[in-house]
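**Q** need a 3D model of the sequence below.
(one chain, ligands or ions: 1)
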Amino acid sequence: QDLNLQEIHDFMVSIARKAGETITEAHPTTGSSGTKKNSVDLVTETDQAVEKLVSTSLREKYPDFEFMGEETYQPGQTLTPAPTFICDPIDGTTNFVHRHPYVSISLGLSVSLSPVIGIVYNPFTGVLYSAIRGQGAFVEFPSSHKKQKLPLTEPTKLDSLSNCLVAVEWGSDRSGTDFAVKSRTFTRLAATRESGGGMVHGIRSFGSAALNLCAVASGSLDVYWEAGCWAWDVCAGWVILEEAGGIMVDANPGNWEPRIEERRYMAVRGGEGQRGIVEEFWGLVEGRFEVG
Ligand code: IPD
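**A** Down below sits the predicted model:
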């Protein structure tokens, strides 16, 4: 099937911008949010309304494509090789209900189980990231209205994890093996080299997987490590990351070729030495995630 990726990309950008208006016009409160799984897995009416808007527009224009979205996902639904739009209407719902503006709409297209188009748009800052497989990744700031290629500057060498700024996320699973793996690994990453730790420059937890991936693509984060998020959190950011020279591997040590539905991810920015950083990080992971 010959797809006009540029045309699809342009349409996805227009949908993301339109969805952004709905997001910025909403007045969410922590009290008005519902929950899906537990008290930290939040969902709002706006998540649902935005997904409806996005899926309706996409289905109308591309009726043969599949659609997978966070709000309409049914357990057991799996990604097929068919062209599939993968959408997180609000990535960073917790930030959204707290009025913390690190929020995005994440809209990707996967073909043959591989992400090929990614749009990540933060409607509060107006910053839009986009990529088409094989054609580079770009960022557009509202002040310039001009697309700039990512990364914005030539990436420096990645010589040691101890010089890295690392993003991690707690996610919504706060018990069991995976929570323990995260907690122990976060501590070890921060600890001194003498005590067997990574002594990284800093650990950040911003609350949007899609924007985290774009920050790694941009080079403002060196590494992002998470298990537990979903295909809609990472599909779009994945293309943007790789088109900017970054790599995506498994959060569990040893697997260089993660699959989108495995729910374990580590992104490392572009630059000489990135595989060494992966190995150094994997050496500090305390245990193995069960998710995926
Ligand atoms: C969440 C965010 C968060 C990550 C979670 C995701 P949501 O997405 O990306 O950073 O830690 O795993 O589920 O629920 O805000 O769309």
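**Q** what's the helix or strand for the residue nearest to R288 when sequence neighbours are not counted?
**A** The shortest distance from R288 to any non-neighbouring residue, by CB to CB, 6 or more residues apart in numbering, is to N252 (5.1 Å). For the C-beta atoms, the positions are set from N, CA and C on the backbone; glycine is no exception. Here N252 sits in a region with no helix or strand, counting by DSSP states H and E.
**Q** what about N252, distance to R188?
**A** 15 Å (CB to CB, to the nearest Å).
**Q** again, but for T46
**A** Distance from T46 to R188, counting by CB to CB: 38 Å.
**Q** count the residues that sit near F206.
**A** 17 (other CB atoms under 10 Å).
**Q** thinking it is in contact with V168, fair?
**A** No - look at F206 against V168 with CB atoms under 8 Å: they stay out of range, at 9.9 Å.
**Q** one step back: list phi and psi for the residue nearest to R288.
**A** Reported as degrees, to the nearest 10, the phi and psi values for N252 are phi -80, psi 140.
**Q** that one contacts Y265, correct?
**A** No - counting by CB under 8 Å, Y265 is not a contact partner of N252; they are 10.1 Å apart.
**Q** any shared contact partners between those two?
**A** Shared contacts of N252 and Y265 (CB atoms under 8 Å, 6 or more residues apart in numbering): A227.
**Q** quick one on the thing from earlier: okay, T46 and R188: which has more neighbours?
**A** The neighbour count for T46 versus R188, taken as other CB under 10 Å, is higher for T46 (23 against 18).
**Q** so the more buried one is in which element?
**A** Using DSSP H and E, T46 sits within helix 45-61.
**Q** contacts for that helix?
**A** By CB under 8 Å, 6+ apart, helix 45-61 touches 11-12, 15-16, 18-19, 22-23, 26, 28, 32, 65, 67, 69-72, 85, 87, 89-90, 93, 96, 105, 107.
**Q** repeat that with 6 Å
**A** The contact list for helix 45-61 (CB atoms under 6 Å, 6 or more residues apart in numbering) reads 15, 19, 22, 26, 67, 69, 71, 85, 87, 89-90.
**Q** quick one, helices of the chain?
**A** Under the criterion DSSP state H, helices of the chain are mapped to 5-25, 45-61, 93-97, 176-190, 209-218, 231-243, 274-282.
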